[in-house]
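>>> This is a predicted model, with the sequence first.
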Amino acid sequence: MTWNLTITTGKTAFASGDLAKAEYWFWESLKEAEVFGGDSDQVIETAELLAETLMQQAKYAEAEEMLLVLAEIKTRRLGAEHVRTAQTIVMLSELYYAKGEYARAEPFAVTGLKRYESVYGKEHDETVRVMSYLAYIYHAQGKFSQAEPFYDRAVQSRLKTIRENPTPAIQVMSGYAALLSATGKEDQANSILTYVQQQQEIMDNNEARIEA
């Protein structure tokens, strides 16, 4: 089979939610991609998809190995500042966070955020997503003073789009409220939680109207 066919089959399986099948075909696609060279665009694309599929199945050891190799290839081929290199760095931070290895996740998240800010700008959705992630990583390690400014920045950005996309705003605001509560700032925490509850009620009412 050709690389085009195997990767297309894998993408179709992934889109349908059949991750085991997608993984099989992405492994097959990676074999086919080797004919283009170890640093080829085909290898990079396939490895990206395979790493994502492995992570979604919580196959962290295999995903980690894939992502570390992918980061090396991208740095060599595309450069350290390229957005696709940054995406792999961010995925490594997400992987270590999912494993509860927050100290290992932190430097990848810091690097990923800097590169996203450079490529996308500080207000881009992907930048704010990583910013929120870094706040969670600091929070999980008890580094409250480092987490707070990232929470604050993420909340301010998410509030600008809360009507169009409330879920990310509610998530980061809930985390921020938990941090404020843990640091004795109960009034601020309660104010945020009241707002979050109001937004959650709005979401629930909107869903109920749609279902009706």
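Looks like it arrived, so ask away.

>>> ranges for the helices of this structure?
Shown for the chain, the helices assigned by DSSP state H span residues 3-15, 19-33, 41-56, 60-77, 83-98, 102-119, 125-140, 144-159, 166-182, 186-211.

>>> any idea of the angle the shortest one forms with helix 41-56?
Yep, that's helix 3-15 we're talking about. In terms of direction (axes from the mean of the first three to the mean of the last three C-alpha atoms, to 10 degrees), helix 3-15 departs from helix 41-56 by 20 degrees.

>>> Please save the CA atoms from helix 3-15 in CSV.
What follows is helix 3-15, C-alpha atoms only, in CSV (Å, rounded to 0.1, in the frame of the first residue of the first chain):
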residue,chain,number,x,y,z
TRP,A,3,1.7,6.3,2.0
ASN,A,4,-1.3,8.3,0.8
LEU,A,5,-3.6,5.4,1.1
THR,A,6,-2.5,4.3,4.6
ILE,A,7,-2.6,7.7,6.1
THR,A,8,-6.0,8.5,4.6
THR,A,9,-7.3,5.2,6.0
GLY,A,10,-5.9,6.2,9.4
LYS,A,11,-7.4,9.7,9.3
THR,A,12,-10.8,8.2,8.4
ALA,A,13,-10.6,5.8,11.4
PHE,A,14,-9.4,8.6,13.7
ALA,A,15,-12.3,10.9,12.6
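
>>> Could you name the helices and strands sitting against that helix?
Using 3 or more C-beta pairs under 8 Å, 6 or more residues apart in numbering; DSSP states H and E, the elements in contact with helix 3-15 are helix 19-33, helix 41-56. The way it works is simple: take the backbone N, C-alpha and C, and place the C-beta from them, glycine included.

>>> returning to what we had before: rank the helices of the chain by mean pLDDT and give me the bottom one.
Here the lowest mean pLDDT among the helices of the chain goes to helix 186-211, at a mean of 83.

>>> Reformat the helices and strands packed on helix 3-15 as JSON lines; add mean neighbour count and distance to L68.
Shown next, in JSON lines, are the helices and strands packed on helix 3-15 (neighbours: other C-beta atoms under 10 Å; distance: least, C-beta to C-beta, whole Å):
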{"stretch": "helix 19-33", "mean neighbour count": "19", "distance to L68": "15"}
{"stretch": "helix 41-56", "mean neighbour count": "20", "distance to L68": "10"}
